[in-house]
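Undergrad: following is a predicted model, sequence given first.
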Number of protein chains: 2
Amino acid sequence: MITRDTIENSFKDIQQHICIALEQADGKATFQSDHWKREGGGGGITKIMQEGNIIAKGGVNFSAVYGPTPSSILKALGLEPADFYATGVSIVMHPINPWVPIIHMNIRYFEMTSGVWWFGGGIDLTPHYIDAKQAHYFHTEVKKVCDAYHSSFYPCFKPWADQYFHIPHRKETRGIGGIFFDRLGKDAAISKERLLAFTLEIGKLMARVYPQLMEWNSTLPYTESELRWQRLRRGRYVEFNLVYDKGTKFGLDTNGRTESILMSLPPLAAWEYEAPVAEGSPEQQTLEWLQQNPDWLTL
Amino acid sequence: MITRDTIENSFKDIQQHICIALEQADGKATFQSDHWKREGGGGGITKIMQEGNIIAKGGVNFSAVYGPTPSSILKALGLEPADFYATGVSIVMHPINPWVPIIHMNIRYFEMTSGVWWFGGGIDLTPHYIDAKQAHYFHTEVKKVCDAYHSSFYPCFKPWADQYFHIPHRKETRGIGGIFFDRLGKDAAISKERLLAFTLEIGKLMARVYPQLMEWNSTLPYTESELRWQRLRRGRYVEFNLVYDKGTKFGLDTNGRTESILMSLPPLAAWEYEAPVAEGSPEQQTLEWLQQNPDWLTL
């Protein structure tokens, strides 16, 4: 029988595991830890890295909160009043070098005194410049983790990410996607023990796959024009996170800890009116892919 | 009897009037015009200025659109199905020099074939560094325009702006406010003719008051540290516009022209985790004022 303490402790361990891996990969910056308490119950540990060798700004949040379920959440989820408990790890990394992609990972567990419980999470990549080979690598690694738990996971969670990370007003996806899932509970194809193991594997994948992408790309030379493009793509990242992202909305709406929620925003972002993109340029290729959203495993 | 053509043409004239005043005040950049059509009826003229002497990035949008009212709008406004017509002018200016404030102005007219009609609008200032004297000047000028039309306008529309431009997750206002009003129609204290004249006066006020603020502040020297603060304050501007602003939300939700809607975003914005602010610094003074939101007329 899996208790919430088991889950909370293993999530805390995963936060630690990922931070060690990222510090090693960066080689310069270390995470600054902030322990915070939530009015109403629980709290968290926000770990922030700024101005590293490779990472410009990134956060690895852990939280475990509980108390009466806010009515806005009950309404949104269609649930009867009861106390809730939620724990999770949430990560966003913004690199200095435009050739290194932005990464996002989140795993979360939710339960209520009424007896409902579920896991949610995902991992996805937002390259400023899409490299088809690396996109293939990323999706292959994600699929391997999924396949080890259930054959339906990748085929179901990959399109879920495509849908979730779509930016309607730009008619493009935020990046090359990955997986996204929510409310995997009693009805899931695998047991609670296996669901926990699956979410932890996503955390370990993050600690493996992002250092690899850092290694491949962080020593590539870049120009001011490529930095400009990075800032514009980060602008799109801001648009997605502030307009559409449910985690951000939920956090801000429920009076969450603002600095922890908005650690996902980039150090510097730009907006230009109808930013010009040169014909046949790598920027145009990236834009086309974001509009087409091809299947990276078979491309 | 005021027709929609009268209103549309006078709004178009105001756009022109403001653009001329801003070009003169900037002395270098000119507005680039984009005429666009809306699928379903109507269109607009977006005028953008970038990389001026004083203005880094700014837009003066005019639009006049019509057609069947989107169901999302009917629902939001609690109206019966009918065709709508809407015209307006919307402005945001982001200056280069951190001592020059950001300004926003909007005037709009809405009517439906069912017979309802109203005006809305406002003008408000977002200094990166608040200067109490200039805040007093701005509110004095705004109040004068209001008072010439009805004694209730400033006392009613000033707190409306305070409420509208509040950023709950930051516990601060976007700037020093100004006025905001919506759905001023048949029940308003003054006639339709006078309401139109009032909104046009707000446009003329914009063309007068912002060049004055540019003149006072645009030649003041500034440091890299002040530019950093400007980028952080622009970050808050982005947060307000993408998370809370109803015009932005409405535009994106109803498939509006994205590049025209998001002209309000700054050329460059920054986010730092718990950005440090020195004790007794002008940055801290500004933050305190944004948290307290004092009455600028009596301060």
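TA: That came through, no problem.
Undergrad: and the gap between the residue nearest to residue A:27 when sequence neighbours are not counted and residue B:168?
TA: Nearest residue to residue A:27 in three dimensions, chain neighbours excluded: residue A:53, at 5.0 Å (Cβ to Cβ, 6 or more residues apart in numbering or on different chains). Any C-beta I mention is one placed from the backbone N, CA and C, and that applies to glycine too. Applying Cβ to Cβ, to the nearest Å, the value for residue A:53 to residue B:168 is 37 Å.
Undergrad: what's the first helix or strand after the helix or strand bottoming out on mean pLDDT in chain A?
TA: Scoring the helices and strands of chain A by mean pLDDT, DSSP states H and E places helix A:71-77 at the bottom, with a mean of 83. The element immediately downstream of helix A:71-77 (helix or strand, assigned by DSSP states H and E) is strand A:83-95.
Undergrad: and that following strand, does that touch chain B?
TA: No. Strand A:83-95 lies out of reach of chain B by Cβ under 8 Å from any Cβ of the partner chain, never closer than 9.4 Å.
Undergrad: kindly report the same for stretch A:271-286.
TA: Yes. Residues of stretch A:271-286 contacting chain B under Cβ under 8 Å from any Cβ: A:271-274.
Undergrad: quick revisit: buried residues, the least confident helix or strand of chain A. List them.
TA: Neighbour counts using 16 or more other Cβ atoms under 10 Å in any protein chain shown place A:73-74 of helix A:71-77 among the buried residues.
Undergrad: packing partners of it?
TA: Helices and strands touching helix A:71-77, as assessed by 3 or more Cβ pairs under 8 Å, 6 or more residues apart in numbering or on different chains; DSSP states H and E, are absent.
Undergrad: count the residues that sit near the closest residue to residue A:147 other than its chain neighbours.
TA: Nearest residue to residue A:147, sequence neighbours excluded (Cβ to Cβ, 6+ apart): residue A:154, at 6.3 Å. By other Cβ atoms under 10 Å in any protein chain shown, the residues close to residue A:154 number 19.
Undergrad: ramachandran angles for residue A:154?
TA: According to degrees, to the nearest 10, the main-chain angles of residue A:154 amount to phi -60, psi -50.
Undergrad: from residue A:143, how far off is it?
TA: Residue A:154 is 5 Å from residue A:143, by Cβ to Cβ.
Undergrad: are any of the residues of stretch A:271-286 next to chain B buried, and which?
TA: A:271-273.
Undergrad: circling back to that earlier point, got JSON lines for the residues of stretch A:271-286 next to chain B, with pLDDT and distance to residue B:191 too?
TA: Shown next, in JSON lines, are the residues of stretch A:271-286 next to chain B (pLDDT from 0 to 100; distance: Cβ to Cβ, whole Å):
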{"residue": "A:271", "pLDDT": "98", "distance to residue B:191": "40"}
{"residue": "A:272", "pLDDT": "97", "distance to residue B:191": "43"}
{"residue": "A:273", "pLDDT": "97", "distance to residue B:191": "38"}
{"residue": "A:274", "pLDDT": "96", "distance to residue B:191": "41"}
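Undergrad: for the closest residue to chain B within the stretch 101-250 of chain A, which non-adjacent residue is closest in space?
TA: Nearest to chain B, among the residues of the stretch 101-250 of chain A, is residue A:242, at 3.7 Å (Cβ to the nearest Cβ). Spatial nearest neighbour of residue A:242, excluding adjacent residues (Cβ to Cβ, 6+ apart): residue B:242 at 3.7 Å.
Undergrad: how about residue A:179?
TA: Distances taken as Cβ to Cβ, 6+ apart put residue A:157 closest to residue A:179, at 3.8 Å, once the chain neighbours are dropped.
Undergrad: so the one you found belongs to a helix, correct?
TA: Yes. Counting by DSSP: H, G, I helix; E, B strand; the rest coil, residue A:157 is found in a helix.
Undergrad: tell me the confidence at it?
TA: Residue A:157 is assigned 98 on the pLDDT scale.
Undergrad: list the contacts for it?
TA: Contact analysis of residue A:157 by Cβ atoms under 8 Å, 6 or more residues apart in numbering or on different chains lists A:122, A:146, A:179-181.
Undergrad: hmm, try it at 10 Å
TA: Taking Cβ atoms under 10 Å, 6 or more residues apart in numbering or on different chains as the contact definition, residue A:157 lies against A:121-123, A:142-143, A:146, A:150, A:164, A:177-182, A:184.
Undergrad: next one: residue A:109
TA: A:2, A:4, A:7-8, A:10-11, A:64, A:85-89, A:117-121, A:184-185, A:192, A:195-196, A:199.
Undergrad: just the buried ones from these, in ChimeraX syntax?
TA: To isolate the buried ones among the contacts of residue A:109 in ChimeraX, judged by 16+ other Cβ under 10 Å, type:
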select /A:7,8,10,11,64,85,86,87,88,89,117,118,119,120,121,184,185,192,195,196,199
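Undergrad: just the contacts of residue A:109: which are in strands?
TA: Within those, residues falling in strands by DSSP state E are A:64, A:85-89, A:117-121, A:184.
Undergrad: tell me the confidence at the residue in the stretch 1-150 of chain A positioned nearest to chain B?
TA: When distances are taken as Cβ to the nearest Cβ, the stretch 1-150 of chain A reaches nearest to chain B at residue A:48, 4.5 Å away. Residue A:48 is assigned 98 on the pLDDT scale.
Undergrad: that one: neighbouring residues, count only.
TA: Residue A:48 has 20 neighbours, counted by other Cβ under 10 Å.
Undergrad: would you map the strands across chain A?
TA: In chain A, the strands defined using DSSP E lie at A:32-37, A:42-50, A:55-68, A:83-95, A:102-112, A:117-126, A:166-167, A:172-173, A:177-184, A:268-270.
Undergrad: related to what we said a few turns ago, now the residue nearest to residue A:147: how far from residue A:289?
TA: 20 Å.
Undergrad: same question for residue A:234.
TA: Going from residue A:234 to residue A:289 by Cβ to Cβ gives 18 Å.
Undergrad: who has more neighbours out of the two?
TA: residue A:234 (24 against 20).
Undergrad: wait, residue A:291 sits on residue A:130?
TA: No. Between residue A:291 and residue A:130 there is no contact under Cβ atoms under 10 Å: 11.5 Å.
Undergrad: neighbour count: these two, which is higher?
TA: More neighbours surround residue A:130 than the other of residue A:291 and residue A:130, with 21 against 11 (other Cβ under 10 Å).
Undergrad: residue contacts, that one?
TA: In this structure, residue A:130 makes contact with A:101, A:175-176, A:282, A:285-290, A:294, A:296, judged by Cβ under 10 Å, 6+ apart.
Undergrad: residue A:114 now?
TA: Counting by Cβ under 10 Å, 6+ apart, residue A:114 touches A:69, A:79-84.
Undergrad: what are the buried residues along stretch A:203-219?
TA: So stretch A:203-219, judged by 16+ other Cβ under 10 Å, has buried residues A:203, A:205-207, A:209-211, A:213-214, A:217-218.
Undergrad: let me fix that: stretch A:148-156
TA: Across stretch A:148-156, burial judged by 16+ other Cβ under 10 Å covers A:149-150, A:153-154.
Undergrad: same thing with stretch A:217-232?
TA: A:217-218, A:222, A:226-227, A:229-232.
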